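*Asks:* got a predicted structure plus its sequence, pasted below:
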Amino acid sequence: MADNPFVYGVTVDGTHFINREKEIQTITSALAGGQNIILYSPRRYGKTSLIKKVGEELKKRNILYFYVDFYKLSSVEELYTFYSNAIINELQSPIDKMWNIIKNMIPTVNPRIVYQEPGLPSVEISAPLSLLTKTQTLSELFDAVEKHAMRSKKKACVVFDEFQEVAVIENGEIIKKCMRSSFQHHKKVSYAFLGSKNHLIKSIFGDTNSPFYHFGKHIDLDVIRDESWAKYISSGFSKTGVPAADDEIEAVIKITGGHPYYTQMLASEIWEVRKGKKRAEKADIDTALHSIINVKKDVFIEIWEGLNGKDRRLLKSIAGHESAAVYSTAFIELHHLGSAASIRRNIQKLVARDILGRTMLHEYYVLDPLFKRWIVLAGLEN
Ligand SMILES: Nc1ncnc2c1ncn2[C@@H]1O[C@H](COP(=O)(O)OP(=O)(O)OP(=O)(O)O)[C@@H](O)[C@H]1O
Ligand SMILES: [Mg+2]
């Protein structure tokens, strides 16, 4: 039996990566042109996979590319170690050259040669002691890529994934100030900040008193809406000999709304349900959907339990629609919601918590398509 052709929960590339041509082009040209960008989307829309593609494009243009994930960081020391090691990993020079490059980039650094395997030396860096008392040490780190780019006469790009986490790192404010004061002088390096928490990203880049106020071009990543999903899903089923009719594939896309992670997940689950079966049944889609909702149920219940009665009533009202003009008299009357003024704060809270999204027409919808289904199906009490 062939392997499951659908992939979710990891960054995707190759044939598993679809669409996004426009985004790749826009982001690549912005970064190659020296512009900083802020790429936002709710969780699991495909930011990391997309930026990796952009990285490949930049490298093709002979631009240096560095990637740092803030998700795993909890201290300034870790930031130092991760950032400097991310730089080293990308440089891929022979060990003796590497040593010199690193020393030139960050003079106070303490590199060590380690042997991950016998005969295979690599350079590792750990953070200098009492780092925090020396913002100079941090500035040196943040200036390293610019320095290296200048020396090698190349442009460079640095990606900070899950950048909103800087807000929860101890001494995050110092880090942000330090980053900003270094980055603003850089001529050869452009920066991409990726984030998935709406209110944190907004406050880092939108608050007038934040060091990163207006620091780059904002790009909101949407779900994948066009026919590329149908093609991808259809080809996944047919090349593995598992049947899926066109109307079933359409049904999958309708359920997930083109949400990248959920579309792959649901297709994958249907494939599992069907593989090896003598005859495909219409009910397979429901079986797969319920099994996914079952897996996610605990997370959904936790979110639900963190909401008050009014939030819940609003969510139930909105979940019944594709999107809703929540402040319209018709909607408020239909769902007995009181007045527009009285729900404003709840709506704002639900948006800040990434539970609700807002369309271009200022209508609101439940961001997570399966959470939306769970709300509707579970027939919850207020
Ligand atoms: N271009 C794409 N084509 C097909 N599937 C995709 C694409 N982008 C993302 N996916 C699906 O979505 C999942 C999540 O992608 P990725 O990790 O890149 O998103 P993310 O926005 O970085 O998520 P997170 O918020 O968890 O960091 C992938 O595992 C894959 O199933
Ligand atoms: Mg990611």
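*Replies:* Cool, got the structure. Residues are numbered from 1 along each chain as shown. Ligands and ions are numbered 1, 2, ... in the order given.

*Asks:* contacting residues for the closest residue to Ala319 other than its chain neighbours?
*Replies:* Distances taken as Cβ to Cβ, 6 or more residues apart in numbering put Ile375 closest to Ala319, at 4.2 Å, once the chain neighbours are dropped. In this view, the C-beta of every residue, glycine as well, is placed from N, C-alpha and C. By Cβ atoms under 8 Å, 6 or more residues apart in numbering, Ile375 lies in contact with Phe300, Trp304, Leu315, Lys316, Ala319, Val366.

*Asks:* how about those residues, which pair is most distant?
*Replies:* Phe300 and Lys316 (13.1 Å; Cβ to Cβ).

*Asks:* which bits of this protein sit near ligand 1?
*Replies:* With Cβ under 6 Å from any ligand atom as the criterion, the chain meets ligand 1 at residues 7-12, 16-20, 41, 43-49, 196, 260-261, 264.

*Asks:* and Ile38, that one's in a strand?
*Replies:* Yes. Per DSSP: H, G, I helix; E, B strand; the rest coil, Ile38 lies within a strand segment.

*Asks:* for it, give me its contacts.
*Replies:* Residues in contact with Ile38 (Cβ under 8 Å, 6+ apart) are Ala192, Phe193, Gly195, Ile201, Phe205, Phe215, Gly216, Lys217, His218, Ile219.

*Asks:* for the fourth one, which three-state class applies?
*Replies:* Which is Ile201. helix.

*Asks:* hang on, isn't it packed against Leu194?
*Replies:* No. Counting by Cβ atoms under 8 Å, Leu194 is not a contact partner of Ile201; they are 9.1 Å apart.

*Asks:* can you give me the domain boundaries for the protein?
*Replies:* 20-220, 228-296, 306-378 (automatic domain parsing).

*Asks:* flag the shaky bits of this protein, pLDDT-wise.
*Replies:* For the chain, applying pLDDT under 70 flags the ranges 128-134, 379-382.

*Asks:* need the contact list for the residue nearest the centre of it.
*Replies:* The centre of the chain sits closest to Lys47, judged by Cα atoms, centre = their mean, with a distance of 4.1 Å. By Cβ under 8 Å, 6+ apart, the residues touching Lys47 are Leu39, Ser41, Asp161, Leu194, Ser196, Leu221.

*Asks:* of these, which is the most crowded?
*Replies:* Across those, the neighbour count under other Cβ atoms under 10 Å reaches its highest value at Leu39, namely 27 neighbours.

*Asks:* now for that one: which residues touch it?
*Replies:* Ile27, Lys47, Leu50, Ile51, Ala192, Phe193, Leu194, Gly195, Ile219, Leu221.
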